[in-house]
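>>> here's a sequence, model it:
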Amino acid sequence: MKKTVTIFGSSLPKPGEREYEDAYEIGRRFALAGLNVCNGGNSGIMEASAKGAFENGGKVTGVTLSVFKVSHNNYLSEHISCGTMFERMQKLIDLGDAYVVLKGGTGTMFELATVWEMFNKGFIGIKPFACHSSMWKEIAAVMEIQIAYEKRRSGLLKAFDGIGECADYIIDSLNK
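Residues are numbered from 1 along each chain as shown. Here you go, the predicted structure:
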């Protein structure tokens with residue numbers, strides 16, 4: 001069975017914008033490496049990563065939240081609708097063999113923090129976990145200081161400046 005990468009990120013980027021194109025590229029790379037993609041199923045980074053994977057032969061699962069009353073994007077092989085934010089988050093985590101956090105706002109920060117905390121509390125096993133953007137790199141660095149102070153397991157989230165490096169880390173980790 002092919003492994004799946006759950007991708008988190010903003011719903012706002014549009015085609016032609018850097019964040020959208022980076023998300024398309026990471027979805028493309030994952031599909032070409034034989035990996036499936038899972039994401040929130042809507043617009044922006046979710047649409048771009050789905051499109052990149054779908055156009056390159058990957059299976060894409062979109063997990064949407066029914067209260068938003070918006071249609072999912074057109075690049076999904078499978079659509080799952082959830083009734084609550086927590087049900088949706090749990091499904092996105094359950095489906096992932098690895099996680100990538102691309103640029104986003106507070107919703108994306110919630111997703112990043114939830115995965116990280118589930119690792120730290122032992123609710124799920126440790127899986128490849130990466131983020132891309134200077135914003136997440138700075139947040140991760142600050143959190144690592146606190147994690148070390150608390151004597152908890154550090155180094156669970158890898159931060160990357162380049163989208164290619166981020167994709168390669170996940171692909172290499174899942175192929176081991």
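>>> tell me the contacts of the residue nearest to residue 66 when sequence neighbours are not counted?
In space, and not counting its chain neighbours, residue 66 is closest to residue 81: 5.0 Å by CB to CB, 6 or more residues apart in numbering. For glycine as for every other residue, the C-beta is placed from the backbone atoms N, C-alpha and C. By CB atoms under 8 Å, 6 or more residues apart in numbering, residue 81 lies in contact with 64-66.
>>> now do residue 118
93, 124.
>>> can you get me a residue count around residue 154?
14 (other CB atoms under 10 Å).
>>> can you pull the pLDDT of residue 23?
With respect to pLDDT, residue 23 scores 98.
>>> could you look up the SS state of it?
Secondary structure, DSSP: H, G, I helix; E, B strand; the rest coil: residue 23 is helix.
>>> again with residue 76
Assignment for residue 76 (three-state DSSP): coil.
>>> ok, the closest residue to it other than its chain neighbours - contacts?
Spatial nearest neighbour of residue 76, excluding adjacent residues (CB to CB, 6+ apart): residue 62 at 4.2 Å. Counting by CB under 8 Å, 6+ apart, residue 62 touches 38-42, 46, 50, 72-73, 76, 78-80.
>>> how deep is the closest residue to residue 163 other than its chain neighbours tucked in, by neighbour count?
Nearest residue to residue 163, sequence neighbours excluded (CB to CB, 6+ apart): residue 22, at 4.5 Å. Residue 22 has 25 neighbours, counted by other CB under 10 Å.
>>> quick check, residue 22 in contact with residue 102.
Yes - if you go by CB atoms under 8 Å, residue 22 and residue 102 touch, sitting 6.6 Å apart.
>>> which residues are common contacts for the two?
Residues touching both residue 22 and residue 102 by CB under 8 Å, 6+ apart: residue 132.
>>> report the secondary structure state of residue 167.
helix.
>>> where does it land on pLDDT?
In this model, residue 167 is scored at 98, pLDDT.
>>> measure it to residue 78 for me?
22 Å (CB to CB, to the nearest Å).
>>> neighbour count: these two, which is higher?
Shown here are residue 167 and residue 78; by other CB under 10 Å, residue 167 has more neighbours (25 against 13).
>>> run a quick neighbour tally on the residue lying closest to the more buried one once chain neighbours are set aside.
Distance criterion CB to CB, 6+ apart; nearest residue to residue 167, sequence neighbours excluded, is residue 29 at 4.1 Å. Using other CB under 10 Å, residue 29 has 22 neighbouring residues.
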